[in-house]
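S.K.: Predicted structure and sequence below. I'll ask about it afterward.
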Amino acid sequence: MLRTMIGIVIGTALAFIMFAAHTPNSQAAQEVCEITGKVSNFNFTVKDINGKDVALSVFKGNVVLLDFWATWCPPCKKEIPGFIGLYNKYRSRGLVVLGVSVDDSTSDVKKFAKQFKMNYPVLIGHDRDDLKQAFAPMPGFPTTFVIARDGTICFQHTGFTPLEQFEHKIKALL
């Protein structure tokens with residue numbers, strides 16, 4: 001009887017510790033997310049650079065960094081290496097980085113992705129006004145969104161943004 005009770009107490013304590021380790025800091029998440037943050041629309045299927053269909057809905061429940069970019073965009077080129085690093089550092093904790101290229105040449109995007117060693121999904125957003133409108137407004141490129149696990153768009157920025165700003169928000173949501 002005593003062993004059973006000790007086992008229950010230890011099991012409950014371990015379950016609590018495991019839950020706490022995988023639950024985002026809600027105060028930090030509240031500080032990161034705008035109260036009026038809209039919910040992202042992941043009801044899209046987009047082609048990747050290899051022509052395969054990617055359903056965005058499979059990324060629900062993750063923290064998502066969604067970057068609309070172009071190969072001709074200097075600030076995009078400056079940010080992408082940092083996104084590769086963030087993906088390497090936090091993907092095991094539930095971060096997904098998605099790059100949506102607005103270029104009209106898929107072959108140029110493929111070359112760019114290979115040159116920059118992009119290790120996260122690169123999607124083709126050219127002629128996908130429906131996708132761009134779902135996350136609008138996008139006054140320019142890059143336009144990057146940080147999306148919480150519940151789908152709330154917590155942060156949106158157009159133009160170059162220091163990596164530390166993205167990392168601070170991502171860490172709070174993980």
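M.R.: Cool, got the structure.

S.K.: thinking residue 72 is in contact with residue 103, fair?
M.R.: Yes: using CB atoms under 8 Å, residue 72 is in contact with residue 103, at 7.4 Å. All C-beta spots, glycine's among them, are computed from the backbone N, C-alpha and C.

S.K.: Neighbour count for the two, which is higher?
M.R.: In this view residue 72 and residue 103 are compared by other CB atoms under 10 Å, and residue 103 has more residues nearby, 17 against 12.

S.K.: low-scoring stretches of the protein, by residue?
M.R.: 1-30, 34-37 (pLDDT under 70).

S.K.: just the helices in it please.
M.R.: Counting by DSSP state H, the segments of the chain that form helices are 2-22, 26-32, 74-90, 106-116, 129-134, 163-173.

S.K.: how many neighbours does residue 150 have?
M.R.: Neighbour tally, residue 150, other CB under 10 Å: 15.

S.K.: so what's the closest residue to it other than its chain neighbours up against?
M.R.: Nearest residue to residue 150, sequence neighbours excluded (CB to CB, 6 or more residues apart in numbering): residue 39, at 7.9 Å. Going by CB atoms under 8 Å, 6 or more residues apart in numbering, residue 39 touches 150-153.

S.K.: Now render those residues as a markdown table, adding distance to residue 114.
M.R.: Listed next are those as a markdown table, based on distance: CB to CB, whole Å:
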| residue | distance to residue 114 |
| --- | --- |
| 150 | 34 |
| 151 | 32 |
| 152 | 34 |
| 153 | 30 |
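
S.K.: buried subset of these?
M.R.: For those, a burial check counting by 16 or more other CB atoms under 10 Å picks out 151-153.

S.K.: And stretch 46-53, how far out from the chain middle?
M.R.: In this view, stretch 46-53 has its centroid 18 Å away from the chain centroid, taken as CA atoms, centre = their mean, to the nearest Å.

S.K.: Okay, buried residues for it please.
M.R.: Buried residues in stretch 46-53 (16+ other CB under 10 Å): 46, 48-49.

S.K.: for stretch 140-159, same thing?
M.R.: Buried residues in stretch 140-159, defined by neighbour count with 16+ other CB under 10 Å: 141-148, 151-156.

S.K.: Could you list the alpha-carbon positions for it in PDB?
M.R.: What follows is stretch 140-159, C-alpha atoms only, in PDB (Å, rounded to 0.1, in the frame of the first residue of the first chain):
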ATOM      1  CA  GLY A 140       6.800  44.500 -49.100                       C
ATOM      2  CA  PHE A 141       9.300  41.700 -48.700                       C
ATOM      3  CA  PRO A 142      10.400  40.000 -46.700                       C
ATOM      4  CA  THR A 143       7.200  39.800 -44.600                       C
ATOM      5  CA  THR A 144       7.500  37.400 -41.800                       C
ATOM      6  CA  PHE A 145       5.000  36.000 -39.300                       C
ATOM      7  CA  VAL A 146       5.500  34.200 -36.000                       C
ATOM      8  CA  ILE A 147       2.500  32.000 -35.400                       C
ATOM      9  CA  ALA A 148       1.700  30.400 -32.000                       C
ATOM     10  CA  ARG A 149       0.700  26.800 -31.600                       C
ATOM     11  CA  ASP A 150      -3.000  27.800 -31.400                       C
ATOM     12  CA  GLY A 151      -2.700  29.500 -34.700                       C
ATOM     13  CA  THR A 152      -2.600  33.100 -33.400                       C
ATOM     14  CA  ILE A 153      -0.400  35.400 -35.500                       C
ATOM     15  CA  CYS A 154       1.700  36.800 -32.700                       C
ATOM     16  CA  PHE A 155       4.100  38.900 -34.700                       C
ATOM     17  CA  GLN A 156       4.300  40.300 -38.200                       C
ATOM     18  CA  HIS A 157       7.200  42.400 -39.700                       C
ATOM     19  CA  THR A 158       8.100  43.600 -43.100                       C
ATOM     20  CA  GLY A 159      11.700  44.300 -44.000                       C
END
